[in-house]
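Enquirer: Build me a model from this:
(3 chains)
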Amino acid sequence: MSGILNTSIARKIAMALSGLFLIIFLTQHFIINFTSVVSPESFNEISHFMGTNPLVQFLLQPVLIFGVVFHFVMGFILELQNRAARTTGYAVYKGSANANWVSRNMIISGLVVLAFMGLHFYDFWVPEMIYKYVEFNSEDPNRYYEELVHKFESPARTGIYAVSFILLALHLWHGFQSAFQTMGVNNKYTPAIKNLGKAFAVLIPFGFVVIAIFHHFNH
Amino acid sequence: MATLESKIPQGPLADKWTKHKNDIDLVNPANKRNIDVIVVGTGLAGGSAAATLAELGYNVKTFCYQDSPRRAHSIAAQGGINAAKNYQGDGDSVYRLFYDTVKGGDYRAREANVYRLAEVSANIIDQCVAQGVPFAREYGGLLDNRSFGGVLVSRTFYAKGQTGQQLLLGAYSAMNRQINRGKIKAYNRHEMLDLVLVDGKARGIIARDLVTGEIERHSAHAVVIASGGYGNVFFLSTNAMGSNVTAAWKIHKKGAHFANPCFTQIHPTCIPVSGDHQSKLTLMSESLRNDGRIWVPKKLEDAKAVREGKLKPTAIPEEDRDYYLERRYPSFGNLVPRDVASRAAKERCDAGYGVNATGEAVFLDFDAAIMRYGREKAITSGMKNASDAEVRKLGEEIIESKYGNLFQMYEKIVDENPYKTPMMIYPAVHYTMGGIWVDYNLMTTIPGCYAAGEANFSDHGANRLGASALMQGLADGYFVLPYTIGDYLSDDIRTGPISTDLPEFEKAEKNIKEQINSLINNNGTNSVDYYHKKLGKIMWNKCGMARNEQGLKEAMEEIRALREDFYKNVRVPGDENGKNSELEKALRVADFLELGELFAKDALHRNESCGGHFREEYQTEEGEALRDDENFKYVAAWEYKGEPKDAVLHKEDLVYENIELKTRSYK
Amino acid sequence: MKLKLKIWRQKNADSAGKIVDYDINNVSPDMSFLEMLDVLNEDLIAKGDDPVEFDHDCREGICGACSLQINGEPHGPDRGVTTCQLHMRKFKDGDTIYIEPFRAKAFPVVKDLIVDRSAFDRIQQAGGYISVNTSGNTIDANAIPINKHDADKAFDAATCIGCGACVAACKNASAMLFTSAKVSQFSLLPQGKVEATERVMNMVKQMDLEGFGNCTNTGACEVECPKGISLENIARLNREYLSASVKG
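Expert: Sure, this is the predicted structure:
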């Protein structure tokens, strides 16, 4: 392996890999959240497992955090390089003539998702960390569902969640198939991959929004 | 009058080249490192020569006016490249390619050169495939061929309608390999403005950096001119806008004889002129004549109605169409050589059968081919009762796979769909067979100055067959010049670097600077294009497809007068320090204005019709060219003596030992 | 037709440029875009102004010299054509047309609308060739059959004219489509496989050195490419790069 991140393509491949990893994580996250709609008990059970299992806590969680941080840091680096590649701009640039808005504005959808993640961490992860590792509260295996429902009482928060997921959907709309293209996959399966990506980009974020709204009206 | 020393090796035709390669002096690899060669022009001939010379070990400097060697106009060649491979097993051979080329050139080419060309042609294909040139292939994985005009075999290798592009990119990639090795230094956006002679030998050039405007001196032990043809003397031609005669003309002025300038190819299948704004003409590949049928209406009133837009060509019934090439030349039909096809089109249009608004166009019709291919395809795909519409659709797909890019190009320019209505075409200036006189070694009459590709005169006689230009450019560059030049350079192994401080360089540079200054400060009223267009009109009307004594005499006078007016009244805006396209054009047009006169003089002196040179006074009763072998079986090489009209004629007699001279017949 | 032109004028690489307005009358719909500029230049010369400099040569869509960002798109609004093949019938009487040079840090402006695209040459020089001597002493051209599908794909990639529209269109000024076309041509042919590893590494390295941006798969290049070079080539380049990194 000659230099992991020293060329544009290597950086793009790293970006694609981290993106695909986050897509897998997102799927997993969605499945767990979805249980909260059908069965609060299962939701508590799985959350308890995820929150206390050392493998999840001390291996998967750091990997995930690294993946998230890497994806957005690399996203910024690429964006800065890309901006530097055109020092004088066009007076008229008709980007819409040859590429869709989503693909041209991954940085915007990405930043919104990043901001959302700040909120999300503030809402769930930070209290969770304080709960477990600062205050050393004793574990209550049935607290997760209540905490979840409590968060979605506020219409403002639910609204912000919904908007953020729309931007996430846009990010995925391009990102899903783009990751495959960057990994060198462009063949007879590409139309299927593109459709799968679009389905994923719509269904998963939509699902998250449904869950949020469900709890908002159901508490 | 002096005769020219062609240096054709002795011995039987088939052995000449091998024997010559064995006899000539070589330069030891260690000494090649001490020898510099300048190559002007980076098309097929120049690019391939530069790559091979560098690979052999010489230090090469290349010059091109384009921003990259990849844009040389060889790139625009569409149809293909000939080679005597006989892959089709249709009776092709080196001899047959040689014979077809000499006959196609109406017996005005040098036998030994043409034979050598045919001999190395097969190597070109091997070489290009090894370089990764993606030629068209059959389903079995082997190379495909097609037919071109003037021959009865299928020997043309092709890459869709972009053969020239692919071959040029091959040569460019070979150059890039040498640039990467440091053996070629490429001076792009540079124009050669003069040749520098030291002790009578070519020892360098003066070039202008087209970006900074700086005048530079470059020295070398030999100079190769591969700057292409001079078709742009007609203003409108299929050549690139920048194609020019300057490099060739400058060496002519320094002592290189200019041969057969009047031998110009008018290509029959170009998109007709649409208006006064026209800046150039676009070729539709000759390969289209494989499948397209050329016709005009049989009835004058139909032609008139078509011109006025009252009658659609598709509405003219079969029996009212005149497929004049098939009628006049049944054995070659639509695939007669270019000069014959062009004249036949002009004859029909002059007689009033032209089919576009200007009356200068004929139809090239693919309907029959579409239906023929469609029926074949329907049968092979098992469609027994295919409807006409289905057959047409299948046929159109096949035509698209063969000529898609050409059809698209036509549609973009003309705004008509050539799948649905016949194309309109008309002849246009395309290629110049004439050029700098060279001997068998491709050396000009200046020691150490060589000419290769379209810039020289040697292989195509009075008419070039389709798909032979690419062959000649690459043969000269890859396989001939790099070896023959060693014979000359073997004397230079102890010369050492040539200083650019020599007074000869100083003087040449000063002359160029003065010329540029006077153009810039002329403050005239007319733009350069004004003169170029006027020159083009004179050339087309009086030195075009048909010429006569009176017209040629007038042309010489008119061009001289136009040249004088140019120097008095041309306006070159801007200054000389930096990019100035008008100045570049002015320098080129100044040379065209001299060449044009010599062109007319050459055409005037050649009292015969042969190939692309058709003198109205010399034709058969049927209107075919009437050659005069007794008096004109020679190469006319003109020596510069100041004014073009004062040029002195030198004759190289053409000796045909292996071919019997016949009247060319394609009936 | 009458048109309003807004053209980028810049004396040379070191000076600042600006958009200058011009009015042009008597434009015929049958003119090519460059012929329209010829008419403008003739007017300017007659008035004693400096004509607008632009790159052009073959004017039949194959040399790749012409460029121009026209109303925000390389080679203008038409598809599958270069600027020299763009005809004025694509515009309407009274239109305003912005004409700018291709913009990229790696394509510095030389003058007015002319840019320096030698970065493309250097990418090719880094490995865009097969290292075979030009002696002609090679094997017979038919000795290695190449299946038609691969040969056709290689040809499609090889039709790139090096005009730089891909870079100009890309919001990142990425040269991936250009680089991938050359890498693809050779990687699809048996002759090119021998040097595949070094070729892709060296060409990508040079591409980065020139200061082009990264590919973010927007697909703008493919849409604007006058020769229809496909994004498949970029995927192939990525693949070749991955496999070369593993091998190298």
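Enquirer: if I look at B:Glu416, how far off is B:Ile370?
Expert: B:Glu416 sits 16 Å away from B:Ile370, taking CB to CB, to the nearest Å as the criterion. Quick note: C-beta positions are derived from backbone N, CA and C, even for glycine.
Enquirer: can you count the residues close to residue 67?
Expert: The chain I'm using is chain A. 18 (other CB atoms under 10 Å in any protein chain shown).
Enquirer: oops, I was thinking of chain B
Expert: Neighbour count of B:Asp67, defined by other CB under 10 Å: 24.
Enquirer: Shouldn't it be within a helix?
Expert: No: B:Asp67 is assigned coil when assessed by DSSP: H, G, I helix; E, B strand; the rest coil, not a helix.
Enquirer: State whether A:Tyr90 and C:Phe102 are indeed in contact, as I suppose.
Expert: No: A:Tyr90 is beyond contact range of C:Phe102, at 9.5 Å (criterion: CB atoms under 8 Å).
Enquirer: Those two - which one has more neighbours?
Expert: For A:Tyr90 versus C:Phe102, neighbours defined as other CB under 10 Å are more numerous around C:Phe102 (25 against 18).
Enquirer: How about the more buried one: what's its closest non-neighbour residue?
Expert: In space, and not counting its chain neighbours, C:Phe102 is closest to C:Ala168: 3.8 Å by CB to CB, 6 or more residues apart in numbering or on different chains.
Enquirer: can you pull the pLDDT of the residue of chain A most remote from its centre?
Expert: The C-alpha centroid of chain A is most remote from A:Ala91, which lies 34.9 Å away (CA atoms, centre = their mean). pLDDT, A:Ala91: 97.
Enquirer: can you tell me which residues contact it?
Expert: Contacts for A:Ala91 (CB atoms under 8 Å, 6 or more residues apart in numbering or on different chains) come out as C:Lys6, C:Trp8, C:Ile19, C:Tyr98, C:Glu100.
Enquirer: in chain A, which spans are helices?
Expert: For chain A, helices defined by DSSP state H occupy the ranges A:8-38, A:40-52, A:54-55, A:61-84, A:101-104, A:106-120, A:126-129, A:143-151, A:155-182, A:190-218.
Enquirer: Out of the ones you listed, which gets nearest to chain B?
Expert: helix A:8-38 (21.0 Å; CB to the nearest CB).
Enquirer: tell me which element the residue nearest to C:Phe102 is part of?
Expert: For C:Ala168, the host element (DSSP states H and E) is helix C:165-169.
Enquirer: So which other helices or strands are in contact with the helix or strand following that helix?
Expert: The helix or strand immediately downstream of helix C:165-169 is helix C:176-187, counting by DSSP H and E. The contact analysis (3 or more CB pairs under 8 Å, 6 or more residues apart in numbering or on different chains; DSSP states H and E) places helix C:176-187 against helix C:118-125, helix C:148-158, helix C:165-169, helix C:190-193, helix C:196-209, helix C:220-224, helix C:232-247.
Enquirer: touching chain A at all, the longest one?
Expert: Which is helix C:232-247. Yes: contact of helix C:232-247 with chain A (CB under 8 Å from any CB of the partner chain) involves C:Glu232, C:Ile234, C:Ala235, C:Arg236, C:Leu237, C:Asn238, C:Arg239, C:Glu240, C:Tyr241, C:Leu242, C:Ser245, C:Val246.
Enquirer: Show me which pair in these is furthest apart.
Expert: Farthest pair in the residues of helix C:232-247 next to chain A (CB to CB) is C:Glu232 and C:Val246. Separation: 21.2 Å.
Enquirer: Near the residue of the stretch 401-550 of chain B at minimum distance from chain A, how many other residues are there?
Expert: Going by CB to the nearest CB, chain A is nearest to B:Lys412 of the stretch 401-550 of chain B, at 18.4 Å. Here the count is done by other CB under 10 Å, and B:Lys412 has 19 residues near it.
Enquirer: Just to be sure, it is in a strand?
Expert: No: looking at B:Lys412 with three-state DSSP, it is helix, so not inside a strand.
Enquirer: Would you enumerate the residues in contact with the closest residue to it other than its chain neighbours?
Expert: Leaving aside its sequence neighbours, B:Lys412 sits nearest to C:Gln85 (CB to CB, 6+ apart; 4.9 Å). With contacts defined as CB under 8 Å, 6+ apart, C:Gln85 is in contact with B:Met409, B:Lys412, B:Ile413, C:Ser32, C:Glu60, C:Gly61, C:Asp78, C:Pro226.
Enquirer: Could you rerun that using 7 Å?
Expert: C:Gln85 makes contacts with B:Met409, B:Lys412, B:Ile413, C:Ser32, C:Gly61, as judged by CB atoms under 7 Å, 6 or more residues apart in numbering or on different chains.
Enquirer: Equivalent analysis for B:Arg137, please.
Expert: Taking CB under 7 Å, 6+ apart as the test, what B:Arg137 contacts is B:Leu143, B:Asp144, C:Ile146, C:Lys148, C:Ala151.
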